[in-house]
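Trainee: following is a predicted model, sequence given first.
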Amino acid sequence: MSDHLAIAQWYSATAHDWAVAPRFNPVDRWYHRLAVADDHEVWLLTWLPGQATEIHDHGGSSGAFLVHSGDLTEDTVSTAGGRTRIASRELGEGVGRRFGGHHIHRIVNNGIRPAVSVHVYGPALTSMTKYRLGPDGLEVLTVERAGAEW
Ligand SMILES: [Fe+2]
């Protein structure tokens, strides 16, 4: 299967088969790799209200994510003509989206209840660059690598 959103939907629909039940960690966001295949991997992430990622890319992997329960907000960062723009989108339960290899975003739980989401990356993530928004646009904060930082 190469439709990453369809894979995320399948894992969400078969939550009773997850090897690990989702947990919530107020200190560090909880995540767990549900599956790995030749051309993709599947992660489960949880979000307490207020928990968020930093702005990040996916090291060239494309993928999809789906809100399994709760509500999440995605802030998509794009740069065109030297201008940086942020587009926010709310994703409710059952809603997902695909993204390409150049997608830069942050995800936050702005809701009042915990959220669980399923994320598919293809190929499997090897690195993620984290950014911040500075006066001149995106600034690299760190580059994290599979096997070292997660
Ligand atoms: Fe992401």
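Mentor: Good, I have the coordinates.

Trainee: drop to CA atoms for contacts and neighbour counts, all remaining ones
Mentor: Noted.

Trainee: from the middle of its chain, how far away would stretch 98-116 be?
Mentor: With CA atoms, centre = their mean, to the nearest Å as the basis, stretch 98-116 stands 5 Å off its chain's centre.

Trainee: same deal with stretch 3-15?
Mentor: Offset of stretch 3-15 from its chain centre (CA atoms, centre = their mean): 14 Å.

Trainee: list the buried residues of that stretch.
Mentor: Neighbour counts over stretch 3-15 (16 or more other CA atoms under 10 Å) mark 4-9, 11-12 as buried.

Trainee: now for R132: which residues touch it?
Mentor: Going by CA atoms under 8 Å, 6 or more residues apart in numbering, R132 touches 54-55, 138-141.

Trainee: among the residues you listed, name the buried ones.
Mentor: Neighbour counting with 16+ other CA under 10 Å marks 55, 138 as buried within the contacts of R132.

Trainee: got the contacts of R132 as JSON lines, with distance to P22 and secondary structure columns?
Mentor: As requested, the contacts of R132 are exported to JSON lines (distance: CA to CA, whole Å; DSSP: H, G, I helix; E, B strand; the rest coil):
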{"residue": "E54", "distance to P22": "21", "secondary structure": "coil"}
{"residue": "I55", "distance to P22": "23", "secondary structure": "strand"}
{"residue": "L138", "distance to P22": "32", "secondary structure": "strand"}
{"residue": "E139", "distance to P22": "33", "secondary structure": "strand"}
{"residue": "V140", "distance to P22": "31", "secondary structure": "strand"}
{"residue": "L141", "distance to P22": "29", "secondary structure": "strand"}
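
Trainee: what's the first helix or strand after the helix or strand encompassing V118?
Mentor: Assessed by DSSP states H and E, V118 sits inside strand 115-122. Following strand 115-122 in sequence order, the next helix or strand is strand 127-134 (DSSP H and E).

Trainee: how about low-confidence regions in this protein?
Mentor: Along the chain, segments meeting pLDDT under 70 span 1.

Trainee: now do the strands in it.
Mentor: For the chain, strands defined by DSSP state E occupy the ranges 31-36, 41-47, 55-56, 62-69, 72-80, 83-91, 96-99, 105-108, 115-122, 127-134, 137-145.
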